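Engineer: Quick one, what's the 3D model for this:
(one chain, ligands or ions: 1)
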Amino acid sequence: MRSPKMKLLIENWRKFLSEDIKIVIKKARDLVCPPATQDLELNTKNRDSAIEAEHIQYGPMNLEDEEYWIRAAKHWKTKPEVAKKSRCGNCTAFDISPRMKECMPGETSDGDGELGYCWMHHFKCHSARTCYTWAAGGPISEDSVSADWQERSNIEKEE
Ligand code: SF4
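Structural biologist: Alright, predicted model coming up:
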């Protein structure tokens, strides 16, 4: 049986946790959508830079482009079939959290996958593509993690 002191401790801990959760949800709700999700011109500019930059090479634009995967595999010192496993869809910077889905204007999925927000290069990238800065650990599917990326980005400060 729990002592009254123990009960009080558990009760206070519960209250503390629920306050904490409320703060995280509020923080996520209060954050503005990343500008590139709202501004097509900016999104295109950032996407084009990601395609062209030597160190990013976002692609392949044509998903059937085997040459791209051969190049990516060479860059990562692996085989094309291994390179193909590293895509935006499982990249640590790929955000498909509920709050980010609300920021996306219109339909975000097609037969090949879905759009998400790239926190490294700031544009709407496609889950079936990749880039040279891919990093394991994604996708971002929770609002609290999305909010954390946003707080560490320059978005609020740039506005
Ligand atoms: S989500 Fe990852 S793999 Fe996709 S463009 Fe951004 S950094 Fe590159």
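
Engineer: thinking His75 is in contact with Tyr132, fair?
Structural biologist: Yes. In this structure His75 lies within contact range of Tyr132 using C-beta atoms under 8 Å: 5.7 Å. Where C-beta positions appear, they are placed from N, C-alpha and C, glycine not excepted.

Engineer: Among the two, which residue is more densely surrounded?
Structural biologist: Comparing His75 with Tyr132 by other C-beta atoms under 10 Å, the one with more neighbours is Tyr132, at 17 against 12.

Engineer: one step back: overlap in contacts of His75 and Tyr132?
Structural biologist: Shared contacts of His75 and Tyr132 (C-beta atoms under 8 Å, 6 or more residues apart in numbering): Gln57.

Engineer: which residues touch the longest strand along the chain?
Structural biologist: As assigned by DSSP state E, the longest strand anywhere in the chain is strand 113-118. With C-beta under 8 Å, 6+ apart as the test, strand 113-118 has contacts from 34, 36-37, 50, 88-89, 91, 93-96, 100, 103-104, 108-109, 123-128, 139-140.

Engineer: so how far is His122 from Val145?
Structural biologist: As judged by C-beta to C-beta, to the nearest Å, Val145 and His122 stand 17 Å apart.
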